[in-house]
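Colleague: Using only what follows, build the 3D model:
(2 chains)
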Amino acid sequence: QSVLTQPPSVSAAPGQKVTISCSGSSSNIGNNYVSWYQQLPGTAPKLLIYDNDRRPSGMTDRFSGSKSGTSATLGITGLQTGDEADYYCGTWDSSLSAYVFGTGTKVTVL
Amino acid sequence: EEQLVESGGGLVRPGGSLRLSCAASGFTFNRHSMNWVRQAPGKGLEWVSSISGSSDYIYYADSVKGRFSMSRDNTKNSLYLQMNSLRAEDTAVYYCAKSTGGLVPTIQVGWFDPWGQGTLVTVSS
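Modeller: Residues are numbered from 1 along each chain as shown, chains lettered A, B, ... in the order given. Here you go, the predicted model:
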């Protein structure tokens, strides 16, 4: 059972915006950087956001990240059918001495 | 281009053993911590283990502690996962991933990038 909680699913029409929350605690999100990953069907995860709000080189600015206290949020603007995927947050948990992933959120484009 | 290629997956009986390998290229292998992450069929991502660049620090998930052993050979740019006493619940696609940055003083676990394509391990009689 993951220590990082995400909504199971979110959906919106093409061109709209969605946000995905990731709720943790002081031992993980509260004191470590958060990263976000996109997993398209049948493929390996791909890094979207690192250090809470930074995008890898070449990553579209339609993806954004933020963190406040013990929660983090991924935003996707200008939703496209190609954004349909599972999204995971992740961070180190200092109490567990373990890396933890969120429960995952499936994004559906209506 | 940074690349990771896993191998060694397959079908194994409960209680058996398997050794996964991950070949790295395109980056200075010994400067980065490395990780194993698995995904059971239809389930989410589960972190398995992380190892520092010099192998000084190795961390394991409680679910595999005492059964799995992670190692690396920096002369061969290779990462390994020795899996013993395998159980049905270990059935998953196993990914290796390079990690960078973060705030942990002993190991770089800020973010995972890139990831390999994964290798499937099936534990069944």
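
Colleague: And stretch B:56-70, end to end?
Modeller: 12 Å (CA to CA, to the nearest Å).

Colleague: The residue nearest the centre of chain B: which element?
Modeller: The centroid of chain B falls nearest to residue B:36 when counting by CA atoms, centre = their mean (2.3 Å). Element membership of residue B:36, judged by DSSP states H and E, is strand B:33-39.

Colleague: Send me that strand as CSV with only the CA atoms.
Modeller: Below are the C-alpha coordinates for strand B:33-39, written out as CSV (Å, rounded to 0.1, in the frame of the first residue of the first chain):
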residue,chain,number,x,y,z
SER,B,33,22.9,5.7,-8.5
MET,B,34,20.8,3.0,-10.1
ASN,B,35,17.4,1.5,-9.3
TRP,B,36,15.1,-1.4,-9.9
VAL,B,37,11.3,-0.7,-10.1
ARG,B,38,8.7,-3.3,-10.8
GLN,B,39,5.1,-3.3,-12.0
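
Colleague: Residue A:19: what secondary structure?
Modeller: strand (DSSP: H, G, I helix; E, B strand; the rest coil).

Colleague: Bridging across strands, which residues link to the closest residue to it other than its chain neighbours?
Modeller: Leaving aside its sequence neighbours, residue A:19 sits nearest to residue A:75 (CB to CB, 6 or more residues apart in numbering or on different chains; 5.0 Å). To be clear about C-beta, it is placed using only N, CA and C from the backbone, and glycine gets the same treatment. Counting by DSSP bridges, residue A:75 is bridged to residue A:19, residue A:64.

Colleague: need the contact list for residue A:75.
Modeller: Residues near residue A:75 by CB atoms under 8 Å, 6 or more residues apart in numbering or on different chains: A:17-20, A:63-66.
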